[in-house]
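Asks: Take this sequence and fold it.
(2 chains, ligands or ions: 2)
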Amino acid sequence: MTLGPGLRALQVGLRLLVLAIIGFILLPSVVVSIAAFSDRAILTFPPTGFSWRWFEKALTYEDFQQGVRNGAIVMLLASSIALVIGTGAAMAIDRYRFRGRALLQAMLLSPLVVPHFTVGLGFLILAAQIGMARTYTLVVACHVVLVLPFVLRSVTVSLRNLDGRLEQAAASLGASPRRVLFTVTLPLLAPGLAGGWLFAAILSFNEFTASLFVTAQRTQTLPVAMYNYVREYADPSMAALSAIYIAVTALLLVLANRFLGLGRILGVEHGR
Amino acid sequence: MAAEPRPALQVDGVTRRFGAVTALADAWLKVPPGEFLTLLGPSGCGKSTLLNLIAGFLEPDQGEIFIDGALVTEVPVWQRGIGMVFQNYALFPHMTVAKNVAYGLAARRVPREEAARRVAEALALVKLTGMEERKPRQLSGGQQQRVALARALVIRPKLLLLDEPFSALDRNLRGAMQVELREIQRSLGIATVFVTHDQGEALSMSDRVAVMSEGRIRQVGTPEAIYRRPADRFVAEFVGDVNRLPARLVAVEGETALVECGACRLSVPAAPLAAAAAGTAVDLFLRPEQIRTAPPGTPGLTEAVVAARAFHGDHADLHCDAPGMAQRLLLRVPGHAAEGPGARLALLPDPSADAVAFPISG
Ligand SMILES: Nc1ncnc2c1ncn2[C@@H]1O[C@H](COP(=O)(O)OP(=O)(O)OP(=O)(O)O)[C@@H](O)[C@H]1O
Ligand SMILES: [Mg+2]
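Replies: Residues are numbered from 1 along each chain as shown, chains lettered A, B, ... in the order given. Ligands and ions are numbered 1, 2, ... in the order given. From the prediction side, this is the model:
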């Protein structure tokens, strides 16, 4: 098929637009990643020389190491707890008609609308009110609330795609409701559960605004540690850390896509 | 009186409503051991509702259900000891064929070796030996349906339930599966309730057929009885092709009634006409193969003109226009018969015809 010159120009224009959008989205990451290789003690772009020293500093800096450990603990606990609560809630909302069902759904999704700032501040005030110190428990509780909507969404999408007749077939074959849950429902939901967990984990690990309120020196997560660092220093170790962050997150997403199918996790694709 | 064998299934006055819709109204059924019973009816008549009530996926608003003599109305699905085959097969996509078939045995905690032996037997029964390690998506529709059947049979259910199991298969495969299912069912002697909206399937496979419409069981009987002595107008029109002719009730004498159509008098079962008075107009129903042709002028049911002829090998269908009748008449004549479009005919009832008549707007 031959295209008129007008159509061809439109096609080229569209392609350029797509490239421009991709470039625009990637630009900050690229700038930061390049700046990380600077050999001077001040953030500049473009860098004047090349070195790995800021990566070295970022990886060995005590507060950052502590931040990664704290972040990992909070991430594992918060996303796992959110997975259990979110799965239960998603099933209840999907399967049963009960009083307050719509309200429950709205509540569980509300952290998507409420600023993290508000959630963090709320937890801080509550903790002070009941005389609770800024412990891991507080941080984890706060993160559970923040990541719950993502787990809920992911599990709900998987549940919608689950054929109810499979569960009926299992029951007709003599499987108790418990057995149906563990041998049919959960295995078929597994990709959705894993995807929801992964997103929750990434969100939790990256969360800054609410964490700033609910963490203490001893429990601060990596983003908070980074914030405290830039308030005092302006060297490229921040950029180096960011580059590592980007690389690790991208790797996780690539793996998730490879084994789980990203479209399914994000809920943009339905069924097989 | 000899004791009746305990029925494999008994449905006693079961009613089920969905909001304002009565999906099933006062259904009564008894299925003796080993019988193949078909629920036949148009879409939305309540077939699946009745089957799901028997299986336990739905609870009745009224009535009781017994399986193998035991009251199961309140018993959950998984304790009813049934085998069920679904229209879309409903195979577990994350399990192999062998695991699918073994599922019910695992749920019953059958020892591993015995389970393996029974799975192999069941797969041999449905001719799928060698497919054990495949996943369902690697099978054709017909093969998937066989796995579903093996999975339902391996647990030796007291009752086999099938909801339109063959409707997703193409015609040739469907015919083969019908024969195969019937052979397997007969060899195992398992009481079976089969749902279909295909009257050909129902007539060819069943020991007995229950014809349903609008939530009611209209008639239960052998395929032959359903076809030859339909209990009401709906059954007559839904099962097989039929012609409706205007007639007049002459007299009722015991079991039979006499009706007059054109120059012919025919005897029909009296029961459906019990409420009609002599002389009233009735509708006479005759099957296409129960009408003979004769040269025009012969006194008969009516005169007609052939409008179209469809050749089917051993027989031909003649679509005829008759004066005063809105609907075309359908005649089934031998394939070598010569009548073609435009031919004038007189129509006579076959002497052995099983005619039936119903009051108008009955
Ligand atoms: N879960 C339900 N909620 C509301 N109405 C229902 C439900 N299930 C069935 N019905 C209604 O009950 C009636 C009977 O439905 P049923 O599924 O038993 O019909 P069917 O004979 O199996 O039809 P088909 O041949 O289309 O499968 C229909 O009017 C249907 O709309
Ligand atoms: Mg149905």
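
Asks: Residues in contact with stretch B:145-154: which ones?
Replies: The contact list for stretch B:145-154 (CB atoms under 8 Å, 6 or more residues apart in numbering or on different chains) reads A:169, A:172-173, B:83-86, B:89-91, B:97, B:100-105, B:118-119, B:121-123, B:125-128, B:131, B:136, B:139, B:160, B:165-166, B:169, B:177, B:181, B:184, B:188, B:190. Heads up, the C-betas are built off the backbone N, CA and C, glycines and all.

Asks: Restricted to helices, list those.
Replies: Those of those mapping onto helices are A:169, A:172, B:97, B:100-105, B:118-119, B:121-123, B:125, B:177, B:181, B:184, B:188, per DSSP state H.

Asks: can you pull out the helices in the chain?
Replies: In the absence of a named chain, chain A is used. Secondary structure of chain A (DSSP H): helices at A:5-35, A:53-60, A:62-95, A:101-109, A:116-129, A:136-160, A:164-172, A:177-180, A:186-206, A:209-214, A:222-232, A:237-260, A:262-266.

Asks: wait, I meant chain B there
Replies: For chain B, the helices defined by DSSP H cover B:47-55, B:97-107, B:112-125, B:141-153, B:171-188, B:199-205, B:223-228, B:233-238.

Asks: Would you reformat those helices as a markdown table and include mean neighbour count and distance to A:N206?
Replies: A markdown table is the format used below for the helices of chain B (neighbours: other CB atoms under 10 Å in any protein chain shown; distance: least, CB to CB, whole Å):
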| stretch | mean neighbour count | distance to A:N206 |
| --- | --- | --- |
| helix B:47-55 | 24 | 48 |
| helix B:97-107 | 23 | 40 |
| helix B:112-125 | 16 | 48 |
| helix B:141-153 | 23 | 45 |
| helix B:171-188 | 15 | 54 |
| helix B:199-205 | 18 | 60 |
| helix B:223-228 | 18 | 69 |
| helix B:233-238 | 21 | 65 |
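
Asks: Nearest approach to B:G335 belongs to which of those?
Replies: Checking the helices of chain B against B:G335 by CB to CB gives helix B:199-205 as the closest, at 19.9 Å.

Asks: quick revisit: can I get the helices of chain B in TSV with distance to B:T38 and mean pLDDT?
Replies: Shown next, in TSV, are these (distance: least, CB to CB, whole Å; pLDDT from 0 to 100):
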stretch	distance to B:T38	mean pLDDT
helix B:47-55	9	96
helix B:97-107	24	96
helix B:112-125	22	94
helix B:141-153	16	94
helix B:171-188	11	91
helix B:199-205	4	93
helix B:223-228	9	94
helix B:233-238	13	93
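
Asks: ok, and of the ones in helices among the contacts of stretch B:145-154, which contact ligand 1?
Replies: Contacts with ligand 1 are made by none of these, judged by CB under 6 Å from any ligand atom.

Asks: gap between B:R118 and ligand 1?
Replies: Distance of B:R118 to ligand 1, given as CB to the nearest ligand atom, to the nearest Å: 32 Å.

Asks: With A:T221 instead?
Replies: 49 Å.

Asks: what's the distance between the nearest residue to that residue once chain neighbours are set aside and chain B?
Replies: Nearest non-adjacent residue to A:T221, counting by CB to CB, 6 or more residues apart in numbering or on different chains: A:G71, 4.0 Å away. To chain B, A:G71 is 34 Å away according to CB to the nearest CB, to the nearest Å.

Asks: again, but for A:T215
Replies: In terms of CB to the nearest CB, A:T215 sits 41 Å off from chain B.

Asks: Neighbours of that residue, how many?
Replies: Applying other CB atoms under 10 Å in any protein chain shown, we find 25 other residues in the vicinity of A:T215.

Asks: before we move on, back to that, now render the helices of chain A as CSV, adding mean neighbour count and distance to B:A278.
Replies: Below are those laid out as CSV (neighbours: other CB under 10 Å; distance: least, CB to CB, whole Å):
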stretch, mean neighbour count, distance to B:A278
helix A:5-35, 11, 82
helix A:53-60, 17, 106
helix A:62-95, 19, 61
helix A:101-109, 14, 64
helix A:116-129, 16, 87
helix A:136-160, 23, 63
helix A:164-172, 21, 54
helix A:177-180, 15, 63
helix A:186-206, 21, 67
helix A:209-214, 23, 90
helix A:222-232, 17, 96
helix A:237-260, 16, 78
helix A:262-266, 17, 73
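
Asks: For B:V356, find the nearest of these.
Replies: Going by CB to CB, the one of the helices of chain A nearest B:V356 is helix A:164-172, 39.5 Å.

Asks: Which neighbouring elements make contact with the closest one?
Replies: Helix A:164-172 sits against helix A:177-180, strand B:82-85, with contacts defined as 3 or more CB pairs under 8 Å, 6 or more residues apart in numbering or on different chains; DSSP states H and E.

Asks: Between these, which one is closest to ligand 1.
Replies: Checking these against ligand 1 by CB to the nearest ligand atom gives strand B:82-85 as the closest, at 14.2 Å.

Asks: Partner strands of that closest one and their direction?
Replies: The partner list of strand B:82-85 in its sheet, established with DSSP bridges, is strand B:159-163 (parallel).

Asks: what's the angle between the strand it pairs with and helix B:171-188?
Replies: Put simply, strand B:159-163 runs at 170 degrees to helix B:171-188, going by axes from the mean of the first three to the mean of the last three CA atoms, to 10 degrees.

Asks: Strand B:159-163 and ligand 1, are they touching?
Replies: No. Using CB under 6 Å from any ligand atom, strand B:159-163 never reaches ligand 1; the gap is at least 7.4 Å.

Asks: that older thread, how much space separates the residue nearest to A:T221 from A:V248?
Replies: 12 Å (CB to CB, to the nearest Å).

Asks: Let's test this: mean pLDDT of stretch A:199-218, rounded?
Replies: When pLDDT is averaged over stretch A:199-218, the result is 90.
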